[in-house]
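[1] 3D, please:
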Amino acid sequence: MMKLLALGIAALLPTAAVAQTPPAPDATVTSPDGSIAVAVTTDGDGRALYAVTRRGKPIVSPSRLGFLFTDARKIERNLKIAAVTRATRDETWEQPWGEWRSIRNHHNELRVRLQETTALARVMEVVFRVQDDGVGFRYEFPAQPSLPKANIAEELTEFNFAQAGTAWWKPAFLWNREEYLYNRTPLAAVGTAATPMTVKFDDGTHVALHEAALVDYASMALLRNEQANGFKAQLTPGSNGPKVTKTGAFTTPWRTLIVADDAPGLYHSHLMLNLNEPNKLGDVSWVKPGKFVGVWWNMIKGTWSWARGPKHGATNAHVRQYIDFAARNRIPGVLVEGWNVGWDGDWFGNGNNMNFSQPTEDFDADALTAYAKRKGVSLIGHHETGGAVSHYEDQFDAAFRFAADHGERVVKTGYVADAGQLERRLPDGTIVREWHEGQWMANHHIRVLEAAAKYKVSIDAHEPIKDTGLRRTYPNWMAREGSRGMEYNAWGGKNPPEHEVNLVFTRMLEGPMDFTPGLLSLKGQDDSDILSTIAKQLALYVVLYSPVQMAADTPESYAKYPKAFRFIRDVPVDWQDTRVLTGEVGDHVAVARKDRTSDDWFLGALTDEQARTVPVKLDFLDAGRTYTATIYRDGDNADYRTSARHAMAIERRTIRKGDILTIAMAPGGGYAIRLEAARRR
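    The predicted structure follows:
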């Protein structure tokens, strides 16, 4: 088998790499179903290369591996394949919460030991894990006298795509962190890109390039290389020269390639989660998914303020109003922003006055906690660092003790500062500036999770480092922002109708996103119109997954639209199964999710600025069972561009397995459905 594989992939590799004297060990591996193949070789200069095929077609042409260091010779040339080992694993594990209850981890592993043929004789291993739907690979360095400390200037890892195609990507290393709209360009026209980047080859194959298990390392972006459709890794800078510093034995994050026939196939992959380590926190029964409302949208619009004064939002009266609203509607959480001392004055990128255990004088934390508890509601805390990260770390114990003492099961963190401007204090007191996705911040977020877990508190991070599947290892990392969310619809330059459809097959491949949906008023700052229909706002609760899902509008707005709000009340946030039924990146999508605590399904569908009717087959339902479908769809005249954006029809139908839905979606619209399973007799 391996000899046949080597012959099949030989066309991808340089002649010198195939014919070596003496022959190198066979460094090839396939996925369990044989569809994806990976081969590693060296060229005539001793450069290590890898290549990937799928069903015999090239996906990644020969691409280099290696490292540049700030204080040592690079590892790139004069390498030989010294040893090859293989392994396989097939197991099923259960998520404590998530889009799926059970995850199958079935992969074949190839470990290639590369050694320099020079006097240094340094060793690095490259480990590939190949699933039926993708490839993950990482570097592993053993402890060795010739490399006691690695000061990494850059990786030399390449991703030379073997075909032309279309790419969906957003820029890296700009001031607004991850919060940019996605570009849709030819693959050859991509600039410096953040990951994940999603590509549709000209033959229809879809590939998503990202990374998994970003621990004690700098985040990876993509920089064009000299190949027509080629990229190389570009690591996020650090404050001290090297982008990454490691001592002794170390591993890198996994570089990941999800490969599928279509866009829905990308979302169904479990590659990211499987490449992360199992839960390190032990019993996490205290991690509780749930919806929440919050003292938030009025601040985003500018009606209220975070700072103290006549417009202060986090007052006893306002918070009690939200607690009462949450209790009436069986919503378990109330987020309060601006409750603590530190918001007065210029806090943007300057959060050294933030105190996360000292409420303002008009926020009685003890009384409000007691009031919420009597109502069956808990408060959600907010720790906005204003970019003063070391200042936040100084307060970890006091801050999370305060949160636990006041019944806060979840804390929303924030790092509002321009990229490259986070404040880090060195042991001697010197202040340096870090990037949101550098090595130091990767470690900071783990420190947050561990500090919070001591007090059984979960984290919803905003302005975060990218998601790389670490919720498996740290299940109290429930959600994060990491892209343009609903708040941009309050301001000028609103999210266009295609944005949320783009997110499904780009940002949502990372993991849960706190998008903060549910703006039924469809109004932003200064009464400006949001580019959405009301039915689409409901669909977002199914399409954009988060285990801590916000009902982001105000109680007054929800009172105006009680029929639509009923869906927001009913939709769960925790699932036992998920199916992407149809979709094209940036155009349309339909997602079905099964409630974890019942046999009910919920379905959400979105379109971009084009009106569409896309048939959806309900072949995932139980055979022989009937379902009552409550359908919230765009009204016949609905349109995100007109005053009819609020037009919505609610229908009820009886549904069975195999039925096909043909529901019209208005421009900028969508629909949401609850499928209630009839009781079995």
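[2] ranges for the helices of this protein?
    Here the chain has its helices, by DSSP state H, at 2-9, 15-18, 263-267, 271-274, 297-301, 316-328, 365-374, 389-394, 396-405, 439-453, 499-504, 534-543, 555-560, 562-570.
[3] out of those helices, which gets nearest to residue 191?
    Closest to residue 191 of these is helix 499-504 (Cβ to Cβ; 16.9 Å). Using the backbone N, CA and C atoms, a C-beta is placed for each residue, glycine as well.
[4] flag every buried residue along that closest one.
    499-504 (16 or more other Cβ atoms under 10 Å).
[5] ok, back up a step: out of the helices of the chain, deepest packed?
    With neighbours defined as mean count of other Cβ atoms under 10 Å, those peak in mean count at helix 534-543, which reaches a mean of 28.
[6] which strands or helices does that helix pack on?
    Judged by 3 or more Cβ pairs under 8 Å, 6 or more residues apart in numbering; DSSP states H and E, the packing partners of helix 534-543 are helix 499-504, helix 562-570, strand 588-595, strand 601-607, strand 626-634, strand 670-677.
[7] pretty sure residue 364 contacts residue 315?
    No. Applying Cβ atoms under 8 Å, one finds residue 364 not in contact with residue 315, separated by 9.6 Å.
[8] more neighbours: which of these two?
    When residue 364 and residue 315 are compared for neighbours, residue 315 comes out ahead with 19 against 15, by other Cβ atoms under 10 Å.
[9] any idea how far residue 334 is from that one?
    In this view, residue 315 and residue 334 are 13 Å apart by Cβ to Cβ, to the nearest Å.
[10] circling back: dump the helices of the chain into JSON lines; add distance to residue 637 and mean pLDDT as well.
    Converted to JSON lines, these look like this (distance: least, Cβ to Cβ, whole Å; pLDDT from 0 to 100):
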{"stretch": "helix 2-9", "distance to residue 637": "56", "mean pLDDT": "40"}
{"stretch": "helix 15-18", "distance to residue 637": "63", "mean pLDDT": "43"}
{"stretch": "helix 263-267", "distance to residue 637": "30", "mean pLDDT": "98"}
{"stretch": "helix 271-274", "distance to residue 637": "42", "mean pLDDT": "98"}
{"stretch": "helix 297-301", "distance to residue 637": "27", "mean pLDDT": "97"}
{"stretch": "helix 316-328", "distance to residue 637": "31", "mean pLDDT": "98"}
{"stretch": "helix 365-374", "distance to residue 637": "42", "mean pLDDT": "98"}
{"stretch": "helix 389-394", "distance to residue 637": "50", "mean pLDDT": "98"}
{"stretch": "helix 396-405", "distance to residue 637": "48", "mean pLDDT": "98"}
{"stretch": "helix 439-453", "distance to residue 637": "47", "mean pLDDT": "98"}
{"stretch": "helix 499-504", "distance to residue 637": "22", "mean pLDDT": "98"}
{"stretch": "helix 534-543", "distance to residue 637": "13", "mean pLDDT": "98"}
{"stretch": "helix 555-560", "distance to residue 637": "20", "mean pLDDT": "98"}
{"stretch": "helix 562-570", "distance to residue 637": "17", "mean pLDDT": "98"}
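[11] could you save those as CSV and add columns showing distance to residue 239?
    Compiled in CSV, the helices of the chain are given as follows (distance: least, Cβ to Cβ, whole Å):
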stretch, distance to residue 239
helix 2-9, 42
helix 15-18, 39
helix 263-267, 35
helix 271-274, 29
helix 297-301, 31
helix 316-328, 39
helix 365-374, 36
helix 389-394, 12
helix 396-405, 21
helix 439-453, 7
helix 499-504, 31
helix 534-543, 38
helix 555-560, 44
helix 562-570, 43
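[12] residue contacts, residue 495?
    By Cβ atoms under 8 Å, 6 or more residues apart in numbering, the contact list for residue 495 reads 181, 484, 486, 488-489, 531.
[13] quick revisit: identify whichever of the helices of the chain lies nearest to residue 250.
    Closest of the helices of the chain to residue 250 is helix 439-453, at 11.4 Å (criterion: Cβ to Cβ).
[14] and the closest one with helix 396-405, angle?
    Note on geometry: by axes from the mean of the first three to the mean of the last three Cα atoms, to 10 degrees, helix 439-453 and helix 396-405 are set 40 degrees apart in direction.
[15] any stretches of the protein with poor pLDDT?
    In the predicted model of the chain, residues 1-22, 681 satisfy pLDDT under 70.
[16] how about 90 then?
    1-25, 240, 349-350, 679-681 (pLDDT under 90).
[17] walk me through the domains of it.
    2-274, 286-482, 492-514+523-546+556-681 (automatic domain parsing).
[18] which one of the ones you listed lies closest to residue 280?
    domain 286-482 (5.4 Å).
[19] start and end of the closest one, how far apart?
    With Cα to Cα, to the nearest Å applied, domain 286-482 spans 25 Å between its terminal residues.
[20] please renumber the chain so that the first residue is 9 from this point on.
    New numbering, starting at 9: the last item is domain 294-490.
[21] if we can go back for a sec, do you know which of the helices of the chain lies nearest residue 289?
    Closest among those, using Cβ to Cβ: helix 447-461, at 5.3 Å.
[22] how far off centre is that closest one?
    Centroid separation for helix 447-461 versus its chain: 17 Å, with Cα atoms, centre = their mean, to the nearest Å.
[23] show me what it is packed up against.
    Other helices and strands packing on helix 447-461, by 3+ Cβ pairs under 8 Å, 6+ apart, are helix 397-402, helix 404-413, strand 466-469.
[24] in TSV: these, plus distance to residue 176.
    Shown next, in TSV, are the helices and strands packed on helix 447-461 (distance: least, Cβ to Cβ, whole Å):
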stretch	distance to residue 176
helix 397-402	31
helix 404-413	38
strand 466-469	24
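[25] quick one: closest of these to residue 46.
    strand 466-469 (33.4 Å).
[26] what's in contact with the closest one?
    Against strand 466-469 from outside (Cβ under 8 Å, 6+ apart): 295-296, 388, 417-423, 453, 456-457, 460, 484-489, 522, 556.
[27] partner strands of it and their direction?
    strand 418-422 (parallel), strand 485-488 (parallel) (DSSP bridges).
[28] need the contact partners of the shortest one.
    The one in question is strand 485-488. Contacts of strand 485-488 (Cβ under 8 Å, 6+ apart): 105, 295, 297, 418, 453, 457, 466-470, 472, 475, 478-479, 519-522, 554-556.
[29] sorry, back to before: Throw the domains of the chain into JSON lines and include distance to residue 288, thanks.
    Below are these laid out as JSON lines (distance: least, Cβ to Cβ, whole Å):
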{"stretch": "domain 10-282", "distance to residue 288": "11"}
{"stretch": "domain 294-490", "distance to residue 288": "5"}
{"stretch": "domain 500-522+531-554+564-689", "distance to residue 288": "17"}
